[in-house]
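Trainee: what's the 3D shape of this:
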Amino acid sequence: MTAVVNRYTEKFDAALKIIARDETATSMSMLEHYVEPYTAFAATPDRVCLCGALSGEMLALPPELRERVARFFKSHQQWLTQILKRGAARGEFKLAETPAKTARLVFGALQGALLVQRTTGDSSQLKDVISAMKAQLRG
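Mentor: As a prediction, the model looks like this:
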């Protein structure tokens, strides 16, 4: 299972690095690329973020797997923090809180929306979260 999580997280990490390297992209377009996998997960009733699903079972996971799932969450929040800082510095985003706190909000909202959608079958969950997130960031 650790190998599966490692492949999953490495794939995400590589994609985040590619997104962040594009200096010509707007910060909002970077976030739009970031949410694409969430949208793909939400498009099918049987898919959810692997690390998000595992996080609900953290206490039952072996320590190495717990550490890997936690690292996935932390790295995504750090990446989001950098994009939010970038967007605020460029005047693209208006943040009501620090970039780090806003990153936690964005990450938690996306992960939570996937789980709520999976539980309720309400396909508007993730769409609404993404729409509200964009509106909040634009001020």
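Trainee: if I pick the most centrally placed residue in the chain, what's in contact with it?
Mentor: The residue lying closest to the centre of the chain (CA atoms, centre = their mean) is Phe107, at 4.4 Å. Phe107 makes contacts with Phe73, His76, Gln77, Leu80, as judged by CB atoms under 8 Å, 6 or more residues apart in numbering. Where C-beta positions appear, they are placed from N, C-alpha and C, glycine not excepted.
Trainee: rerun that using 7 Å as the cut-off
Mentor: His76, Gln77, Leu80 (CB atoms under 7 Å, 6 or more residues apart in numbering).
Trainee: report the buried residues of the helix or strand that it is a member of.
Mentor: Using DSSP states H and E, the element containing Phe107 is helix 99-120. Using 16 or more other CB atoms under 10 Å as the test for burial, helix 99-120 gives 99, 102-107, 109-111, 113-115, 117-118.
Trainee: so of the contacts of Phe107, which ones are in helices?
Mentor: His76, Gln77, Leu80 (DSSP state H).
Trainee: now, among these, which is nearest to Lys94?
Mentor: Leu80 (16.0 Å; CB to CB).
Trainee: surely the closest one and Arg104 touch.
Mentor: No. Proximity of Leu80 to Arg104 does not meet the contact threshold set by CB atoms under 7 Å, at 8.3 Å.
Trainee: mind listing what's buried in the helix or strand of the chain with the lowest mean pLDDT?
Mentor: One helix or strand of the chain scores below all others by mean pLDDT, DSSP states H and E: helix 50-55, with a mean of 80. By 16+ other CB under 10 Å, the buried positions in helix 50-55 come out as Leu50, Cys51, Gly52, Leu54, Ser55.
Trainee: sec struct for Phe93, please.
Mentor: coil (DSSP: H, G, I helix; E, B strand; the rest coil).
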